[in-house]
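In: Quick one, fold the following:
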Amino acid sequence: MMIAQELRDLTEGELMSKLDEAYEEMMNLRFNMTIGQHRDFNQLTFVKRDIARIKTILRERQLAAEVE
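Out: Next up is the predicted model:
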């Protein structure tokens, strides 16, 4: 689980990299749950929240750039 302040300290490129990693982790968790290897459903929720945090920060930066 990532903290929003830690994410805000990253550059846009690093955030995009983290976002790609999170999507890949979510895909792997879903696959493992489907075949029955993974039973911790909470971890999928945490990954989804991390994705939402990253997307929110990217959107905030996009809106700030449009205002300037």
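
In: Now residue 2: which helix or strand?
Out: For residue 2, there is no host helix or strand (DSSP states H and E).

In: Just to check, it is in contact with residue 18?
Out: Yes. With contact defined as Cβ atoms under 8 Å, residue 2 reaches residue 18; the gap is 7.4 Å. For every residue, glycine as well, the C-beta is placed using N, CA and C.

In: ok, then the element right after the helix or strand bottoming out on mean pLDDT in the chain?
Out: Within the chain, no helix or strand scores below helix 4-8, which has a mean of 89 by mean pLDDT, DSSP states H and E. Toward the C-terminal end, the helix or strand that comes next after helix 4-8 (DSSP H and E) is helix 12-34.

In: now whatever helix or strand comes next after that next one against helix 12-34, angle please.
Out: Remark: after helix 12-34, the chain's next helix or strand is helix 41-67, criterion DSSP H and E. For helix 41-67 against helix 12-34, the angle by axes from the mean of the first three to the mean of the last three Cα atoms, to 10 degrees is 150 degrees.

In: Check the gap between the most centrally placed residue in the chain and residue 67 for me.
Out: Note on the chain: the residue nearest the mean C-alpha position is residue 51, at 2.4 Å, using Cα atoms, centre = their mean. Counting by Cβ to Cβ, to the nearest Å, the gap from residue 51 to residue 67 is 25 Å.

In: With residue 8 instead?
Out: Distance, residue 8 to residue 67, using Cβ to Cβ: 17 Å.

In: can you pull the buried residues of stretch 28-38?
Out: residue 29 (16 or more other Cβ atoms under 10 Å).

In: roughly how far out does it sit from the chain middle?
Out: Distance of stretch 28-38 from the chain centroid (Cα atoms, centre = their mean, to the nearest Å) equals 19 Å.
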